[in-house]
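> coords please:
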Amino acid sequence: MNDNDQKPVTIIVGRVWRVKGGPSEGVHVLLVAPDDDTAVRNALEALAREGYAEVEFDQIGELQGAPDDEPHLSAWQGALEGEVSVVMFEEPA
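Sure thing, here's the model as predicted:
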(Lines give C-alpha, C1' and ligand atoms only; values in the text may rest on other atoms or scores of the structure.)
Protein backbone atom coordinates (compact mmCIF):
# COMPACT_ATOMS: atom_id res chain seq x y z
CA MET A 1 0.00 0.00 0.00
CA ASN A 2 1.45 3.39 -0.92
CA ASP A 3 0.53 6.86 0.35
CA ASN A 4 -2.05 7.28 -2.43
CA ASP A 5 -3.95 4.16 -1.29
CA GLN A 6 -4.12 5.07 2.40
CA LYS A 7 -7.21 6.44 4.08
CA PRO A 8 -6.81 10.02 5.25
CA VAL A 9 -5.86 10.41 8.90
CA THR A 10 -7.91 12.99 10.78
CA ILE A 11 -6.21 15.16 13.40
CA ILE A 12 -8.18 16.92 16.11
CA VAL A 13 -6.44 19.64 18.13
CA GLY A 14 -7.62 20.82 21.53
CA ARG A 15 -7.12 20.62 25.27
CA VAL A 16 -8.24 18.30 28.05
CA TRP A 17 -8.73 18.43 31.81
CA ARG A 18 -8.48 15.49 34.20
CA VAL A 19 -10.52 17.50 36.71
CA LYS A 20 -13.01 20.20 35.77
CA GLY A 21 -11.45 23.56 36.56
CA GLY A 22 -8.00 22.00 37.00
CA PRO A 23 -4.93 22.50 34.82
CA SER A 24 -5.32 21.71 31.13
CA GLU A 25 -3.07 19.77 28.79
CA GLY A 26 -2.81 20.11 25.03
CA VAL A 27 -3.99 17.16 22.96
CA HIS A 28 -3.76 15.97 19.37
CA VAL A 29 -6.00 13.04 18.50
CA LEU A 30 -5.24 11.10 15.30
CA LEU A 31 -7.70 8.60 13.85
CA VAL A 32 -9.36 7.37 10.67
CA ALA A 33 -13.10 8.03 10.45
CA PRO A 34 -15.66 8.31 7.65
CA ASP A 35 -16.62 11.89 8.58
CA ASP A 36 -15.85 14.69 11.04
CA ASP A 37 -18.81 13.93 13.33
CA THR A 38 -17.70 10.32 13.76
CA ALA A 39 -14.10 11.43 14.31
CA VAL A 40 -15.13 13.84 17.08
CA ARG A 41 -17.40 11.26 18.73
CA ASN A 42 -14.68 8.57 18.65
CA ALA A 43 -12.09 11.03 20.01
CA LEU A 44 -14.39 12.08 22.87
CA GLU A 45 -15.09 8.44 23.76
CA ALA A 46 -11.36 7.57 23.76
CA LEU A 47 -10.50 10.54 25.99
CA ALA A 48 -13.35 9.69 28.39
CA ARG A 49 -11.98 6.13 28.67
CA GLU A 50 -8.60 7.67 29.56
CA GLY A 51 -10.25 9.51 32.46
CA TYR A 52 -10.50 13.06 31.14
CA ALA A 53 -13.40 14.93 32.69
CA GLU A 54 -13.53 17.80 30.20
CA VAL A 55 -12.49 18.19 26.56
CA GLU A 56 -12.42 21.22 24.27
CA PHE A 57 -11.57 20.83 20.58
CA ASP A 58 -10.30 23.78 18.53
CA GLN A 59 -9.58 22.39 15.05
CA ILE A 60 -10.13 19.33 12.90
CA GLY A 61 -8.44 18.48 9.64
CA GLU A 62 -6.68 15.80 7.60
CA LEU A 63 -2.96 15.09 7.67
CA GLN A 64 -1.32 15.19 4.26
CA GLY A 65 1.02 12.22 4.50
CA ALA A 66 3.08 10.88 7.36
CA PRO A 67 4.40 13.32 9.98
CA ASP A 68 8.18 13.74 10.10
CA ASP A 69 8.71 13.46 13.86
CA GLU A 70 7.72 11.38 16.86
CA PRO A 71 5.36 11.03 18.66
CA HIS A 72 3.08 12.03 15.79
CA LEU A 73 4.61 9.52 13.39
CA SER A 74 3.74 6.60 15.70
CA ALA A 75 0.29 8.09 16.35
CA TRP A 76 -0.30 8.38 12.58
CA GLN A 77 0.71 4.74 12.09
CA GLY A 78 -1.60 3.69 14.93
CA ALA A 79 -4.47 5.61 13.35
CA LEU A 80 -3.91 3.79 10.05
CA GLU A 81 -4.13 0.52 11.99
CA GLY A 82 -7.53 1.49 13.44
CA GLU A 83 -6.49 3.00 16.77
CA VAL A 84 -7.54 6.33 18.21
CA SER A 85 -4.07 7.74 18.93
CA VAL A 86 -3.65 10.48 21.51
CA VAL A 87 -0.62 12.78 21.77
CA MET A 88 -0.49 14.86 24.96
CA PHE A 89 1.70 17.92 25.52
CA GLU A 90 2.06 20.80 27.95
CA GLU A 91 0.37 23.94 26.78
CA PRO A 92 2.48 27.10 26.63
CA ALA A 93 1.98 29.34 29.64
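
> Quick check: end-to-end length of stretch 13-33?
15 Å (Cα to Cα, to the nearest Å).

> any residues touching that stretch, and which ones?
Identification of contacts with stretch 13-33 by Cβ atoms under 8 Å, 6 or more residues apart in numbering yields 7-12, 39, 42-43, 46-47, 51-60, 63, 72, 75-76, 78-80, 82-91. Quick note: C-beta positions are derived from backbone N, CA and C, even for glycine.

> Going by neighbour count, which of those are buried?
9-12, 39, 42-43, 46-47, 52, 55, 57, 60, 72, 75-76, 78-80, 84-87 (16 or more other Cβ atoms under 10 Å).

> on that earlier part again, among the contacts of stretch 13-33, name the ones in strands.
9-12, 54-60, 63, 85-89 (DSSP state E).

> low pLDDT regions in this protein?
Within the chain, the stretches with pLDDT under 70 are 1-5, 93.

> how does it look with 80?
1-6, 91-93 (pLDDT under 80).

> For the longest helix seen in it, which outside residues touch it?
If you go by DSSP state H, the chain has its longest helix at helix 36-49. Here helix 36-49 makes contact (Cβ under 8 Å, 6+ apart) with T10, I12, V16, V27, V29, L31, A33, V55, F57, I60, V84, V86.
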